[in-house]
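1. The sequence and its predicted three-dimensional model are supplied below.
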Amino acid sequence: MAVPAVFFGLFFAYPVAAIVERGLHADGVWRLGRILDVLGEADVRHVLWFTVWQALASTALTLLIALPGAYVFARLDFPGKQVLRAAVTVPFVLPTVVVGTAFLAVVGRGGLLDDLWGVRLDTTVWAILLAHVFFNYAVVVRTVGGLWAQLDPRQEEAARMLGASRLAAWRKVTLPALGPAVAAAALMVFLFTFTSFGVVQILGGPGFSTLEVEIYRQTAQIFDLSTAAVLTIVQFAAVGLILLVHAWTVRRRESALRLVDAAHTARPPRGAGQRALLALVLATVAVLILLPLGVLVQRSLQAPGGFGFAYYRALGDADGGTFLVPPIEAVWNSLRYALAATAVALVIGGLAAAALTRRAGRLVRGFDALLMLPLGVSAVTVGFGFLITLDEPPLDLRQSWWLVPLAQALVGVPFVVRTMLPVLRAVDGRLREAAAVLGASPLRAWREVDLPMVRRALLIAAGFAFAVSLGEFGATVFIARPDNPTLPVAVARLLGRAGDLNYGQAMALSTVLMVVCAVCLLLLERIRPARAQTGEF
């Protein structure tokens with residue numbers, strides 16, 4: 001536990017604490033009254049209310065739209081199911097900047113709806129809510145559907161034989177078993193939408209601001225660190241509470257259930273009802289998920305002179321305004337940064353997962369919660385904290401190439417831990433003991449006993465860490481140097497400038513990033529174990 005604890009202490013707790021201290025401590029005095037002053041401001045209360053309201057609305061809408069999809073992917077068997085399962089997961093690994101860009105191509109100025117019917121939804125709350133559903137659809141489908149596929153259907157059939165209607169059997173048998181998984185998925189969706197940044201920044205315009213967006217505005221534009229510190233504390237407390245409730249639901253979900261092999265529960269659709277439901281889910285996926293991605297590609301190819309690769313070729317030209325280097329260099333920068341971040345995340349996350357499998361108690365549970373905090377705590381705060389804390393020897397990293405990968409690794413570690421932990425827990429400890437009795441050192445026992453069993457999980461963890469590192473935006477926007485921009489930062493900067501060329505280049509870069517993330521995901525699906533952990537995303 002020591003190495004991960006030191007890593008999180010230096011590169012997470014220290015920067016966040018420094019921002020809070022600088023905002024609330026001046027002239028040797030703690031200004032704790034500033035917390036009440038900030039929370040009493042009408043604008044801040046409006047931001048807090050909108051953050052909670054849109055997160056609740058996004059969560060409810062996501063559950064409403066995605067739960068039928070969870071049933072279809074869990075219980076029905078149809079051609080192209082595995083490919084479609086991978087396709088609905090692509091939005092989750094996409095950077096939020098690309099999600100916002102994809103929806104901007106559909107609902108924004110000159111977008112698909114604007115061209116066809118003269119309708120624009122950008123700068124409205126509906127664009128934000130629909131983009132959040134697009135982003136989180138896979139969370140519900142894979143978390144709830146993963147458990148639903150392993151529930152024994154004979155329990156519901158027994159209730160039907162005893163006289164229960166189909167609805168009553170589902171309500172009294174299946175729903176109680178699914179309850180913890182639904183609650184866990186809802187909490188994760190709420191967490192991701194509560195801390196939403198890129199989607200709101202691009203689609204919401206100046207009229208809508210979440211806590212994360214307001215922290216960025218107070219930090220980068222107004223430079224009011226006291227207000228930013230208070231908002232960071234509020235967000236930290238809210239995220240901590242969400243993670244505690246989520247941990248409780250996960251423990252409930254892991255309670256004794258009668259589970260079977262998921263490969264034996266899916267059947268071809270039978271009857272008009274199941275066929276209609278399958279058609280409805282396929283239409284939803286086509287309109288809500290595939291359409292924005294397709295329009296994104298189409299806009300990247302629609303140059304003023306006709307369809308072609310003009311915008312892609314323009315990525316090789318430096319204009320000296322938006323970037324100091326050609327935008328295409330953002331691709332290579334992002335790949336290098338993401339590979340380095342993945343290596344760091346695998347080391348830190350692997351050690352943490354190994355520690356969590358061999359110890360128990362409140363200390364370890366607290367350590368597990370600490371590893372999840374970077375998913376919910378303001379990435380903007382972490383990025384700005386890097387600038388003001390890692391500026392003195394021996395941690396003067398402001399000019400170091402490693403600054404960006406370290407920030408990205410913070411987001412990748414939770415995915416490594418969550419992927420490897422179930423597999424490591426499944427390794428029989430007696431195998432290690434037998435290796436030790438036969439004279440193997442602990443290192444050799446790990447290499448010859450554990451590693452062969454967790455190799456596939458390690459590859460999956462590396463893929464997820466690479467994808468999320470590639471798309472990290474909140475912290476990177478502060479610390480990426482102008483001569484070394486990453487793909488999400490480049491997209492945001494291009495969208496922030498007027499002109500068809502900048503817009504087209506943003507679409508082209510977003511398409512490149514989408515393709516890279518999709519390829520990673522398809523590879524993960526191929527190496528994913530046939531019997532995945534129950535309800536694991």
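-> Yep, that arrived.

2. Is F8 within a helix or a strand, and which one?
-> helix 2-8 (DSSP states H and E).

3. May I have that helix as CSV, with CA atoms only?
-> Output of helix 2-8 as CSV, limited to C-alpha atoms (Å, rounded to 0.1, in the frame of the first residue of the first chain):
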residue,chain,number,x,y,z
ALA,A,2,2.9,2.3,0.6
VAL,A,3,3.8,3.2,-3.1
PRO,A,4,0.2,4.0,-4.1
ALA,A,5,-0.4,5.9,-0.9
VAL,A,6,2.7,8.1,-1.5
PHE,A,7,1.7,8.6,-5.2
PHE,A,8,-1.8,9.8,-4.2
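
4. so who does P292 touch?
-> Neighbour list for P292: 102-103, 105-106, 134 [criterion: C-beta atoms under 8 Å, 6 or more residues apart in numbering]. The way it works is simple: take the backbone N, C-alpha and C, and place the C-beta from them, glycine included.

5. For the biggest helix by length in the chain, enumerate the helices and strands it packs against.
-> When the chain is parsed with DSSP state H, its longest helix is helix 42-75. Applying 3 or more C-beta pairs under 8 Å, 6 or more residues apart in numbering; DSSP states H and E, one finds that helix 42-75 makes contact with helix 33-39, helix 81-93, helix 125-148, helix 175-194, helix 211-216, helix 225-253, helix 271-285.

6. Quick check: D77 touching A266?
-> Yes - contact criterion C-beta atoms under 8 Å: D77 and A266 qualify, at 4.2 Å.

7. Looking at these two, which is more packed in?
-> Between D77 and A266, counting by other C-beta atoms under 10 Å, A266 is the more crowded of the two (16 against 13).

8. where does the closest residue to T284 other than its chain neighbours land on pLDDT?
-> Excluding its sequence neighbours, the residue lying closest to T284 (C-beta to C-beta, 6 or more residues apart in numbering) is I65, at 6.3 Å. Model confidence at I65, given as pLDDT, is 94.

9. Check the burial of the nearest residue to V285 once chain neighbours are set aside by counting its neighbours.
-> Residue nearest to V285 in three dimensions, not counting chain neighbours: V88, with 5.9 Å by C-beta to C-beta, 6+ apart. By the criterion of other C-beta under 10 Å, V88 has 22 neighbours.

10. just V297 next, same as before
-> Using other C-beta under 10 Å, V297 is surrounded by 17 other residues.

11. Can you report how many residues lie near W30?
-> Per other C-beta under 10 Å, the neighbour tally for W30 reads 10.

12. and it, backbone torsions?
-> Dihedral pair for W30: phi -80, psi 120, per degrees, to the nearest 10.

13. Who are the contact partners of the closest residue to it other than its chain neighbours?
-> Nearest residue to W30, sequence neighbours excluded (C-beta to C-beta, 6+ apart): L24, at 6.1 Å. For L24, the contact set (C-beta under 8 Å, 6+ apart) comprises 30-32, 34-35, 226, 229-230.

14. same check, this time on A310
-> Listed by C-beta under 8 Å, 6+ apart, the contact partners of A310 are 303-304, 504.

15. Could you do S469 as well?
-> Taking C-beta under 8 Å, 6+ apart, we find S469 in contact with 337-338, 341-342, 345, 405, 408-409, 411-412.

16. quick one: it and L167, what's the gap?
-> Going from S469 to L167 by C-beta to C-beta, to the nearest Å gives 45 Å.

17. Which pair of the contacts of L24 spans the longest distance?
-> W30 and V230 (12.7 Å; C-beta to C-beta).

18. circling back to that earlier point, quick one: the longest helix of the chain to helix 81-93, angle?
-> 170 degrees (axes from the mean of the first three to the mean of the last three C-alpha atoms, to 10 degrees).
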